[in-house]
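Asker: The following comprises the amino acid sequence and a computationally predicted model.
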Amino acid sequence: MAEYEACILGLKMVVDMNVCELLVIGDSDLLIHQVQGEWAVKNPKIVPYVQYVKNLCKRFRKIEFRHTPRIQNELADALATIASMIKHTNTDYIDPLDIDLKEHPVHCSHVELEPDGLPWYFDIKRYLESGTYPEDATSGQKKLIHCMDLNFFLNGEVLYRRTPDLGLLRYVDAAEAVRLIEQIHVEVAVHT
């Protein structure tokens, strides 16, 4: 069930990002083959999960599920190893994860413009795009940018940061922030 819950959470995040075509790579033979309809679902507790994943799949123009052995999926293997280290008081039964997704999660932090007029995250975005550091960056600044890029990724021109709870934070410049705030105020005024 945990594998299905992780898959569902990932699919929901990708749907929210308006992705039309998706390749899902997983190391669970069971999940991949059940979702593709190649293997029967024998556990009645899993049936709703499979159906939910299949319903989410209808939201994509094209979606493909591909199995990769765990030995080739280092990140998943590391997460599974960490999860196996957690001590549980009741070893007979562990409650499944309850994942509450907010209708419209919003986190907003306002950062003043840098003196050069660029947003604070400009150097991280440029590093992700081209692998280059600012010309005047010290070795410490380069190390910081490199470390920060592990939690950031680009989707086209949009910069996101992964949160510990697997959420995504979208970074916008000052002009985009003003536009979004105005749009939110208009929508709130219309609905009140």
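Answerer: Right, received. Where do you want to start? Numbering: from 1, shown residues only.

Asker: list the contacts for residue 164?
Answerer: Going by C-beta atoms under 8 Å, 6 or more residues apart in numbering, residue 164 touches no other residue. Where C-beta positions appear, they are placed from N, C-alpha and C, glycine not excepted.

Asker: Run a quick check on residue 142 versus residue 131, I expect a contact.
Answerer: No - assessed by C-beta atoms under 8 Å, residue 142 is found out of contact with residue 131, at 11.3 Å.

Asker: Looking only at neighbour counts, state which of those two leads.
Answerer: Higher neighbour count among residue 142 and residue 131: residue 142, with 14 against 9, using other C-beta atoms under 10 Å.

Asker: Helix or strand: which one has residue 43?
Answerer: Assigned by DSSP states H and E, residue 43 falls within no helix or strand.

Asker: ok, it to residue 131 distance?
Answerer: Remark: distance between residue 43 and residue 131 (C-beta to C-beta, to the nearest Å) = 46 Å.

Asker: How about residue 138?
Answerer: Residue 138 is 18 Å from residue 131, by C-beta to C-beta.

Asker: Over to residue 174?
Answerer: Taking C-beta to C-beta, one finds residue 174 at 26 Å from residue 131.

Asker: Then residue 30?
Answerer: Taken as C-beta to C-beta, the span from residue 30 to residue 131 is 38 Å.

Asker: show me what contacts the residue lying closest to residue 59 once chain neighbours are set aside?
Answerer: Among residues not flanking residue 59 along the chain, residue 15 sits closest, at 5.3 Å (C-beta to C-beta, 6 or more residues apart in numbering). For residue 15, the contact set (C-beta under 8 Å, 6+ apart) comprises 56, 59-60.

Asker: Report the residue ranges of every domain in this structure.
Answerer: The chain resolves into domains spanning 2-84, 122-191 when parsed by automatic domain parsing.
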